[in-house]
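Participant: Structure for the following, please:
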Amino acid sequence: MKTDLLLMPMSARWADMRAAALAAEAARFDGIWTWDHLRDPDERDGPGVPEAWTVLTALAEVTRRVALGPLVLNVANRVPGVLASMAATLQAVSGGRLLLGLGAGGNRRTPYAAEQAAIGQHVDPDAVRAQRVVDAITLMRRLWSGEAGFLRPDPPPPIIVGGFGPRMAAIAGRHGDGFNTQALHPKLGDLLRRARDEHAASGREALGFIATVFAGLDDGWLRPDSPARNRLVQSGVERLILLVAPPFDAGEIRAAGRLLGAAR
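Facilitator: Just a heads-up that it's a prediction; the model follows:
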């Protein structure tokens, strides 16, 4: 099971995110992710939130080995046709290291609804937002095929759909290349089975399917004798993504990398 870090962008500074990513790569983590949020719902007077895609593009140039991905892009924030070209470009810049996380965005009951309102976006009902993910994936795959002269990524980045319930797990399996949810989700096994069953039924099973989960950075996820880590492995999880909050501690990242090395 690969183990990645997610650099939480709320009140983070670019220089610190860069240093943390380099420390994580040196510590032999497998990937670097960040969230697609534009404001901190808890900190109105803070330094703000670095934009995910810009950060990932910059990290693609300063890193050499780690996978890079957004966890996950709200498809309402970017026109899907433009995002297709953005992803193809980042896949080229990174040398094929992009893992493209996509999601429906937070619903009206989440703190992130205010973020959408601030940029003039209406937060639609769950079913509408879920269908928007399907439509975005369909269009992006069509444009990536080289239609009408659009940039063609080689290879196309895996599309990992994020979600917390059976609807998004089914969409991930039917239309995506992977699914992401919480490592401690009480129905993790059911969601992963739903996603894999839908993937098999889609006829794309030969392409493989990437099960990923996220959790807070804690030694319990890294130790070689960790029951929690072993449960994820037994569930068929391919990537564990551990969240790190700013200010990022390079010493903590190095220590986590040493534990990770022992777990491998």
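Participant: going forward, measure contacts between C-alpha atoms and count neighbours the same way
Facilitator: Fine.
Participant: ok, what's across the strand from residue 161?
Facilitator: As for beta bridges, residue 161 partners with residue 102, residue 179 under DSSP bridges.
Participant: State the pLDDT value of it.
Facilitator: Looking at residue 161, its pLDDT stands at 98.
Participant: dump the residue contacts of it.
Facilitator: Residue 161 sits next to 72, 101-103, 168-169, 171-172, 176-180 when contact means Cα atoms under 8 Å, 6 or more residues apart in numbering.
Participant: could you flag which of these are buried?
Facilitator: Buried subset of those (neighbour count, 16 or more other Cα atoms under 10 Å): 72, 101-103, 168-169, 171-172, 176-180.
Participant: With respect to residue 228, which of these is nearest?
Facilitator: Taking Cα to Cα as the measure, residue 228 sits nearest to residue 180 out of the buried ones among the contacts of residue 161, at 17.0 Å.
Participant: Off-centre distance for stretch 101-119?
Facilitator: From the chain centre to the centre of stretch 101-119 is a distance of 16 Å (Cα atoms, centre = their mean, to the nearest Å).
Participant: Just the buried residues of that stretch, please?
Facilitator: In stretch 101-119, counting by 16+ other Cα under 10 Å, buried: 101-106, 112-116.
Participant: Next: stretch 6-18.
Facilitator: Neighbour-count burial for stretch 6-18 [16+ other Cα under 10 Å]: 6-14, 16-18.
Participant: Make JSON lines from the buried residues of stretch 101-119 and add distance to residue 38, secondary structure and pLDDT to it.
Facilitator: What follows is these, written out as JSON lines (distance: Cα to Cα, whole Å; DSSP: H, G, I helix; E, B strand; the rest coil; pLDDT from 0 to 100):
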{"residue": "101", "distance to residue 38": "16", "secondary structure": "strand", "pLDDT": "98"}
{"residue": "102", "distance to residue 38": "16", "secondary structure": "strand", "pLDDT": "98"}
{"residue": "103", "distance to residue 38": "15", "secondary structure": "strand", "pLDDT": "97"}
{"residue": "104", "distance to residue 38": "15", "secondary structure": "coil", "pLDDT": "96"}
{"residue": "105", "distance to residue 38": "12", "secondary structure": "coil", "pLDDT": "93"}
{"residue": "106", "distance to residue 38": "13", "secondary structure": "coil", "pLDDT": "87"}
{"residue": "112", "distance to residue 38": "9", "secondary structure": "coil", "pLDDT": "81"}
{"residue": "113", "distance to residue 38": "11", "secondary structure": "helix", "pLDDT": "82"}
{"residue": "114", "distance to residue 38": "11", "secondary structure": "helix", "pLDDT": "83"}
{"residue": "115", "distance to residue 38": "7", "secondary structure": "helix", "pLDDT": "85"}
{"residue": "116", "distance to residue 38": "9", "secondary structure": "helix", "pLDDT": "87"}
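Participant: can you confirm residue 32 is in a strand?
Facilitator: Yes: assessed with DSSP: H, G, I helix; E, B strand; the rest coil, residue 32 lies in a strand.
Participant: who touches it in this structure?
Facilitator: Residue 32 neighbours (Cα under 8 Å, 6+ apart): 4-7, 21, 24, 66-69.
Participant: before we move on, back to that, show me the buried residues of stretch 6-18 that map onto strands.
Facilitator: Judged by DSSP state E, these include 6-7 as members of strands.
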